[in-house]
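Colleague: Structure, please.
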Amino acid sequence: MTLLESLKQYTTVVADTGDIDAIRQHRPQDATTNPSLLYHAAQMPAYRHLVEEAAEQASDIGGSHAQMAEEFIDQMFVLFGSEILQVVPGRVSTEVAASLSFDTPGTIAKAHKLISLYKKKGVARERVLIKIASTWEGIQAAAELEQEGIHCNLTLLFSFAQAVACAEAGVTLISPFVGRIYDWYKKEGGGKEIPPDQDPGVASVTRIYNYYKKYGYKTQVMGASFRNVNQIVRLAGSDLLTISPDLLDQLEKTEGVVERKLDPAKAQAIKDERLRLSEKAFRWMHNEDPMATEKLAEGIRKFNSDAQKLEEYALSQVAEKVG
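Modeller: The predicted structure is shown next:
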């Protein structure tokens, strides 16, 4: 048995890529995308037809170049997402622009737009997760969308405060960033490697998982942003794990058995008390975690920078189409 086959006994495996061929190869249940992944996928000759179709749709809509570029990006997300859904049996996560991270109404409006585009492609909303940054504003948008039956994946999650607020909001899924948490603590420690059994990213996801299971929250935990196979193996049993193609390759090529680490039965023993966070309490608790504060801000900036690259690419495609 390979490590990947063994892992799949306890955990839903999700491919973290926009490359449809890589998804086909690893046969995950779900897939996630983001502007950076889409930008890279859009450069591949295999997906040129999707780029052409998005540019065509955007030029048909008309308006300013900026409006057409925004339309191109929305269309690209949905076209790639629809193709991915022909390969995976489950769901695809489609991201709301990072520039809307502090804009609750803007996030809701963008989610509605994406869901309507998927509907036109014949994709039911049950197969789409709208990916939103775990800011207070993002979490409030997700709470409203979930009430409407639009399912959300709350990303850029680094603090326990974010995890608690997401569960209270009834979101479908959270994506705590294991690798980025590890990176921060490694840098703080002068660049020294942290022993696997003391990995702070793994510890963070373990704590969140146990809290959710103890208090019966329906929100699922999907560990994300892994640096190595060891981090993945130590989170076997998490509801889902989203894994890059190179790490999926390693798991698939390594023989072995993965032992279940996270288990709802073990979660009952935790000492964390149940919390109800007001906005003020959330902001204070999150602010008290310097790693989470820095990483959330940095993550939003990075996602926005990736989106700007995609936007520049979109403008070039639209200009080509419009002439």
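
Colleague: got the residue ranges for the strands in this structure?
Modeller: For the chain, the strands defined by DSSP state E occupy 12-16, 30-32, 92-95, 128-133, 152-157, 173-176, 220-223, 240-243.

Colleague: just how off-centre is the second one within its chain?
Modeller: It stands for strand 30-32. Once both centres are worked out by Cα atoms, centre = their mean, to the nearest Å, strand 30-32 turns out to sit 8 Å from its chain's centre.

Colleague: Go ahead and name everything in contact with it.
Modeller: 12, 14-17, 23, 84, 87-88, 90-93, 129, 131, 153, 175, 224, 240, 242 (Cβ atoms under 8 Å, 6 or more residues apart in numbering). The way it works is simple: take the backbone N, C-alpha and C, and place the C-beta from them, glycine included.

Colleague: for the record, mean pLDDT for it?
Modeller: For strand 30-32, the mean per-residue pLDDT is 93.

Colleague: cool, and the last one?
Modeller: On average, the pLDDT along strand 240-243 is 96.

Colleague: any idea how far that strand is from the chain center?
Modeller: Chain-centre distance of strand 240-243: 9 Å, with Cα atoms, centre = their mean.

Colleague: which regions of the chain sit below the pLDDT cut-off?
Modeller: Along the chain, segments meeting pLDDT under 70 span 323.

Colleague: remind me, longest helix of it?
Modeller: Assignment by DSSP state H gives helix 290-322 as the longest helix of the chain.

Colleague: Packing partners of that one?
Modeller: When contacts are defined as 3 or more Cβ pairs under 8 Å, 6 or more residues apart in numbering; DSSP states H and E, helix 290-322 packs onto helix 35-42, helix 48-61, helix 65-84, strand 128-133, strand 152-157, helix 160-168, helix 178-188, helix 279-287.

Colleague: what do you get if the cut-off is 7 Å, keeping everything else the same?
Modeller: Other elements packing on helix 290-322 under the criterion 3 or more Cβ pairs under 7 Å, 6 or more residues apart in numbering; DSSP states H and E are helix 35-42, helix 48-61, helix 65-84, strand 152-157, helix 178-188, helix 279-287.

Colleague: Compute the inter-axis angle for it and helix 279-287.
Modeller: Computed by axes from the mean of the first three to the mean of the last three Cα atoms, to 10 degrees, the angle separating helix 290-322 from helix 279-287 equals 100 degrees.

Colleague: Helix 290-322: which residues count as buried?
Modeller: Judged by neighbour count (16 or more other Cβ atoms under 10 Å), helix 290-322 contains these buried residues: 291-292, 295-296, 299-300, 302-304, 306-307, 310-311, 313-314, 317-318, 321.

Colleague: one step back: with distance to residue 261 as extra columns, can I get the strands of the chain in CSV?
Modeller: Formatted as CSV, these follow (distance: least, Cβ to Cβ, whole Å):
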stretch, distance to residue 261
strand 12-16, 15
strand 30-32, 21
strand 92-95, 24
strand 128-133, 24
strand 152-157, 19
strand 173-176, 15
strand 220-223, 11
strand 240-243, 11
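
Colleague: Pipe the ones you listed into TSV and attach mean neighbour count per row.
Modeller: Listed next are the strands of the chain as TSV, based on neighbours: other Cβ atoms under 10 Å:
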stretch	mean neighbour count
strand 12-16	24
strand 30-32	26
strand 92-95	26
strand 128-133	27
strand 152-157	30
strand 173-176	28
strand 220-223	26
strand 240-243	26
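
Colleague: I'd guessed residue 79 sits against residue 49; true?
Modeller: No: using Cβ atoms under 7 Å, residue 79 is not in contact with residue 49, being 9.1 Å away.
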